[in-house]
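S.K.: just the structure for this:
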Amino acid sequence: MARLLLNLRNVPEDEARDVRALLDEHGLAYYETPPSRWGISMGGIWLRDDAAYPRTREILDAYQAERAVKARSAYAEMKRNGQVETLAGVLRRRPGEVLVYAAVAAGIIALMMWPVWLLL
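M.R.: You can find the predicted model right below:
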(Lines give C-alpha, C1' and ligand atoms only; values in the text may rest on other atoms or scores of the structure.)
Protein backbone atom coordinates (compact mmCIF):
# COMPACT_ATOMS: atom_id res chain seq x y z
CA MET A 1 0.00 0.00 0.00
CA ALA A 2 1.27 3.47 -0.83
CA ARG A 3 2.31 5.92 1.91
CA LEU A 4 2.13 9.71 1.71
CA LEU A 5 5.60 11.22 1.90
CA LEU A 6 4.89 14.87 1.21
CA ASN A 7 1.64 16.79 1.02
CA LEU A 8 2.26 19.46 -1.61
CA ARG A 9 0.05 22.10 0.03
CA ASN A 10 2.16 25.26 0.54
CA VAL A 11 5.36 23.44 -0.44
CA PRO A 12 7.76 25.57 -2.49
CA GLU A 13 8.51 24.15 -5.93
CA ASP A 14 12.24 23.91 -5.18
CA GLU A 15 11.55 21.70 -2.14
CA ALA A 16 9.27 19.39 -4.14
CA ARG A 17 11.92 19.22 -6.88
CA ASP A 18 14.59 18.38 -4.28
CA VAL A 19 12.43 15.61 -2.79
CA ARG A 20 11.82 14.10 -6.24
CA ALA A 21 15.56 14.21 -7.00
CA LEU A 22 16.36 12.65 -3.63
CA LEU A 23 13.92 9.80 -4.21
CA ASP A 24 15.30 9.23 -7.71
CA GLU A 25 18.87 9.31 -6.38
CA HIS A 26 18.10 6.58 -3.85
CA GLY A 27 16.14 4.49 -6.35
CA LEU A 28 12.85 4.75 -4.48
CA ALA A 29 9.66 4.22 -6.47
CA TYR A 30 7.14 7.01 -6.00
CA TYR A 31 4.29 8.71 -7.77
CA GLU A 32 2.55 12.07 -7.56
CA THR A 33 -1.08 12.99 -7.33
CA PRO A 34 -2.03 16.31 -8.92
CA PRO A 35 -3.91 19.02 -7.06
CA SER A 36 -7.67 19.02 -7.42
CA ARG A 37 -9.37 21.48 -9.71
CA TRP A 38 -10.90 23.53 -6.88
CA GLY A 39 -7.93 23.45 -4.51
CA ILE A 40 -9.49 21.05 -2.01
CA SER A 41 -6.63 18.60 -2.37
CA MET A 42 -3.20 19.98 -3.16
CA GLY A 43 -1.68 16.72 -4.32
CA GLY A 44 1.19 14.78 -2.86
CA ILE A 45 4.22 12.61 -3.37
CA TRP A 46 3.55 8.99 -2.47
CA LEU A 47 5.92 6.08 -1.85
CA ARG A 48 4.88 2.95 -3.75
CA ASP A 49 6.62 0.35 -1.54
CA ASP A 50 5.36 0.40 2.03
CA ALA A 51 8.34 -1.68 3.21
CA ALA A 52 10.77 1.08 2.18
CA TYR A 53 8.96 3.69 4.25
CA PRO A 54 11.25 3.70 7.34
CA ARG A 55 14.39 4.12 5.21
CA THR A 56 12.71 6.78 3.07
CA ARG A 57 11.48 8.64 6.13
CA GLU A 58 15.06 8.75 7.49
CA ILE A 59 16.31 10.17 4.20
CA LEU A 60 13.56 12.80 4.06
CA ASP A 61 13.97 13.71 7.74
CA ALA A 62 17.69 14.31 7.19
CA TYR A 63 16.93 16.44 4.12
CA GLN A 64 14.29 18.48 5.95
CA ALA A 65 16.59 19.04 8.94
CA GLU A 66 19.30 20.29 6.58
CA ARG A 67 16.79 22.53 4.80
CA ALA A 68 15.56 23.93 8.12
CA VAL A 69 19.12 24.84 9.13
CA LYS A 70 19.65 26.62 5.79
CA ALA A 71 16.33 28.47 6.10
CA ARG A 72 17.10 29.60 9.65
CA SER A 73 20.54 30.83 8.68
CA ALA A 74 19.10 32.69 5.67
CA TYR A 75 16.48 34.29 7.92
CA ALA A 76 19.13 35.28 10.46
CA GLU A 77 21.21 36.82 7.67
CA MET A 78 18.21 38.78 6.39
CA LYS A 79 17.47 39.93 9.94
CA ARG A 80 21.07 41.14 10.38
CA ASN A 81 20.83 43.04 7.09
CA GLY A 82 17.48 44.59 8.05
CA GLN A 83 15.63 42.87 5.19
CA VAL A 84 12.99 41.14 7.33
CA GLU A 85 9.61 42.78 6.96
CA THR A 86 8.13 43.89 10.27
CA LEU A 87 4.80 45.49 11.14
CA ALA A 88 6.56 48.77 11.90
CA GLY A 89 8.26 48.69 8.49
CA VAL A 90 4.99 48.01 6.68
CA LEU A 91 3.28 50.77 8.67
CA ARG A 92 6.01 53.23 7.64
CA ARG A 93 5.93 52.23 3.96
CA ARG A 94 2.18 51.77 3.48
CA PRO A 95 0.24 53.47 6.30
CA GLY A 96 -2.95 53.84 4.25
CA GLU A 97 -3.12 50.14 3.44
CA VAL A 98 -2.56 49.18 7.08
CA LEU A 99 -5.30 51.57 8.21
CA VAL A 100 -7.75 50.18 5.65
CA TYR A 101 -7.07 46.59 6.78
CA ALA A 102 -7.41 47.63 10.45
CA ALA A 103 -10.72 49.38 9.68
CA VAL A 104 -12.04 46.31 7.84
CA ALA A 105 -11.03 44.05 10.75
CA ALA A 106 -12.69 46.42 13.24
CA GLY A 107 -15.83 46.47 11.09
CA ILE A 108 -16.00 42.68 10.97
CA ILE A 109 -15.55 42.45 14.75
CA ALA A 110 -18.27 45.09 15.23
CA LEU A 111 -20.67 43.14 13.00
CA MET A 112 -19.96 39.97 14.95
CA MET A 113 -20.54 41.75 18.25
CA TRP A 114 -23.76 43.49 17.10
CA PRO A 115 -26.13 40.73 18.37
CA VAL A 116 -24.37 40.74 21.74
CA TRP A 117 -24.71 44.51 22.03
CA LEU A 118 -28.43 44.26 21.22
CA LEU A 119 -28.93 41.82 24.10
CA LEU A 120 -27.31 44.14 26.65
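S.K.: so which elements touch the lowest-mean-pLDDT helix or strand in the chain?
M.R.: Confidence across the helices and strands of the chain bottoms out at helix 87-93, with a mean of 91, counting by mean pLDDT, DSSP states H and E. When contacts are defined as 3 or more Cβ pairs under 8 Å, 6 or more residues apart in numbering; DSSP states H and E, helix 87-93 packs onto helix 95-119. Every C-beta, even on glycine, is put in place using the N, C-alpha and C of the backbone.
S.K.: just how off-centre is the helix it packs on within its chain?
M.R.: On the basis of Cα atoms, centre = their mean, to the nearest Å, helix 95-119 is displaced by 28 Å from the centre of the chain it belongs to.
S.K.: what mean pLDDT does it get?
M.R.: Per-region confidence: helix 95-119 scores 95 on mean pLDDT.
S.K.: show me what that helix is packed against.
M.R.: Counting contacts by 3+ Cβ pairs under 8 Å, 6+ apart, helix 95-119 packs against helix 87-93.
S.K.: at 6 Å what do you get?
M.R.: Helices and strands touching helix 95-119, by 3 or more Cβ pairs under 6 Å, 6 or more residues apart in numbering; DSSP states H and E: there are none.
S.K.: contacts for that helix, please.
M.R.: By Cβ atoms under 6 Å, 6 or more residues apart in numbering, the surrounding residues in contact with helix 95-119 are L91.
S.K.: please repeat the previous calculation with a cut-off of 7 Å.
M.R.: The list of residues contacting helix 95-119 from outside it, by Cβ atoms under 7 Å, 6 or more residues apart in numbering, reads V90, L91.
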